[in-house]
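**Student:** Generate a structure from the sequence data that follows.
(one chain, ligands or ions: 1)
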Amino acid sequence: MQMKPKSPLSSWTSLTACALAVALLLDAALSLNGLVPDQAALFPSAVASLEAVATNVLPSGMALAGFASGIVLAMAVIMLPMHQIYRSREARLLQERERLAAQNARLVHQAASDGLLGIANRREFERVLKLEWRRAARERQPLSLLMIDIDCFKRFNDTYGHQAGDTCLRGVADVLRSAAARPGDMVARYGGEEMVVLMPHTSMEGAMRMAERIHAMLAERALPFAASPVAQHVTVSIGVSSMLPVRNGNRSVLVQQADEGLYAAKEAGRNRTAVVPNLRLIGHDEKPQTWTHRAQGT
Ligand SMILES: Nc1nc2c(ncn2[C@@H]2O[C@H](COP(=O)(O)OP(=O)(O)OP(=O)(O)O)[C@@H](O)[C@H]2O)c(=O)[nH]1
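**Tutor:** Residues are numbered from 1 along each chain as shown. Alright, predicted model coming up:
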């Protein structure tokens, strides 16, 4: 919580108000002597003391009080409007600071997201991947990635036009956003018609389930694509990778593996999910063992 700075003028105003109150009390005391003559018999010694004060001290006190009241009133007359001006300037500065903070947040969001799809862009994905990799290594938790590519998207653009292509991309991004609903999940545009879903604290099994959910949701959404050689609606191919990160490990392997899986899914006929086992365990001339799974219900 931010502390509002205290105006130096408000201290002056309080001081002025106190001085004014003291001066008024002094004036009231001065009048007391004339107001209580009948009660003098009841409290003779008190009245005698008051009279002594009134005779010896009050006349000079009266002059001093009058002078002080004059100064205090003059200060109040000057200070109060100045205080008002200060307060309204302070309010304007606070408003301006809030406006700039909101603008800054908007700019940060714009720099991190894709203008067409409204999801994170590649740069933001790389930034978050670095953080999540470190976190997963620290917490010894698996980190999974889906690399998703729309099938035959060139044909979609050629058939329906580039604008319809953009609408289709937005539709797929919407589905990914709804599917990856956990707070830690991240959906990003990796480039062109390729998107990624990064899933912290998620094992290979969980990532495969997520891939199946995406295929199912796209089949249900059924974005029309009659010219597709794969199905009557827009479909995607998905490559999956999952790792237990180590602190100084190479995080690009996670992306590379998902990309290999995507390639394998395309090769196997599209509209499916594929996993390529850990690339680092496979020799150069050895062909990776690929597991592919065709999407259900298409
Ligand atoms: N409308 C639109 N099209 C895009 C965008 N970004 C990339 N593309 C198009 O996506 C198409 C990708 O085509 P390819 O890489 O040949 O792949 P594909 O036709 O999807 O074929 P497969 O991936 O093998 O199924 C190209 O025609 C790009 O122009 C975009 O922002 N909007």
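**Student:** Next up, identify which helix or strand the residue in the stretch 151-298 of the chain positioned nearest to the ligand is on.
**Tutor:** Residue nearest to the ligand within the stretch 151-298 of the chain (C-beta to the nearest ligand atom): Gly165, separated by 2.6 Å. Glycine gets a C-beta too; all of them are placed from N, C-alpha and C. Following DSSP states H and E, one finds Gly165 within helix 162-179.
**Student:** about what we covered before: apart from its chain neighbours, what residue comes closest to the residue of the stretch 151-298 of the chain closest to the ligand?
**Tutor:** Once flanking residues are discounted, Gly165 sits nearest to Asn157: 4.1 Å by C-beta to C-beta, 6 or more residues apart in numbering.
**Student:** State whether that neighbour is indeed within a helix.
**Tutor:** Yes - with DSSP: H, G, I helix; E, B strand; the rest coil as the criterion, Asn157 is assigned to a helix.
**Student:** Kindly report the residues of the stretch 1-150 of the chain close to the ligand.
**Tutor:** Remark: the part of the stretch 1-150 of the chain in contact with the ligand comprises Leu116, Asp149, Ile150, using C-beta under 6 Å from any ligand atom.
**Student:** could those residues be laid out in CSV, adding distance to Met208 and neighbour count?
**Tutor:** Below are these laid out as CSV (distance: C-beta to C-beta, whole Å; neighbours: other C-beta atoms under 10 Å):
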residue, distance to Met208, neighbour count
Leu116, 29, 11
Asp149, 17, 21
Ile150, 20, 25
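**Student:** Please identify the buried residues of the helix holding Gly165?
**Tutor:** Gly165, Cys168, Leu169, Gly171, Val172, Ala173, Asp174, Val175, Leu176, Ala179 (16 or more other C-beta atoms under 10 Å).
**Student:** Then stretch 197-211?
**Tutor:** Val197, Leu198, Met199, Pro200, His201, Thr202, Ala207, Met208, Met210, Ala211.
**Student:** and that stretch, how far apart are its ends?
**Tutor:** One end of stretch 197-211 sits 9 Å from the other (C-alpha to C-alpha, to the nearest Å).
**Student:** Spatially, what comes nearest to Arg270 if we skip its sequence neighbours?
**Tutor:** Asp151 (4.3 Å).
**Student:** How about the contacts made by that neighbour?
**Tutor:** Ser228, Val230, Val234, Thr235, Val236, Ser237, Lys266, Arg270, Asn271 (C-beta atoms under 8 Å, 6 or more residues apart in numbering).
**Student:** What is the burial count for the last one?
**Tutor:** Number of residues near Asn271 (other C-beta atoms under 10 Å) recorded here: 24.
**Student:** Now Met195, what are its backbone angles?
**Tutor:** Main-chain dihedrals, Met195, degrees, to the nearest 10: phi -130, psi 160.
**Student:** these two touch, right, it and Ala120?
**Tutor:** No - Met195 is not in contact with Ala120 according to C-beta atoms under 8 Å; the separation is 9.8 Å.
**Student:** ok so, going back, so which of the residues of the stretch 1-150 of the chain next to the ligand sit within strands?
**Tutor:** Asp149, Ile150 (DSSP state E).
**Student:** Export the residues of the stretch 1-150 of the chain next to the ligand to a markdown table and append columns for pLDDT and distance to Arg294.
**Tutor:** Listed next are those as a markdown table, based on pLDDT from 0 to 100; distance: C-beta to C-beta, whole Å:
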| residue | pLDDT | distance to Arg294 |
| --- | --- | --- |
| Leu116 | 96 | 30 |
| Asp149 | 98 | 16 |
| Ile150 | 98 | 17 |
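**Student:** do you know how far His233 is from Thr273?
**Tutor:** 17 Å (C-beta to C-beta, to the nearest Å).
**Student:** Neighbour count: the two, which is higher?
**Tutor:** Between His233 and Thr273, Thr273 has the larger neighbour count (other C-beta under 10 Å), namely 28 against 17.
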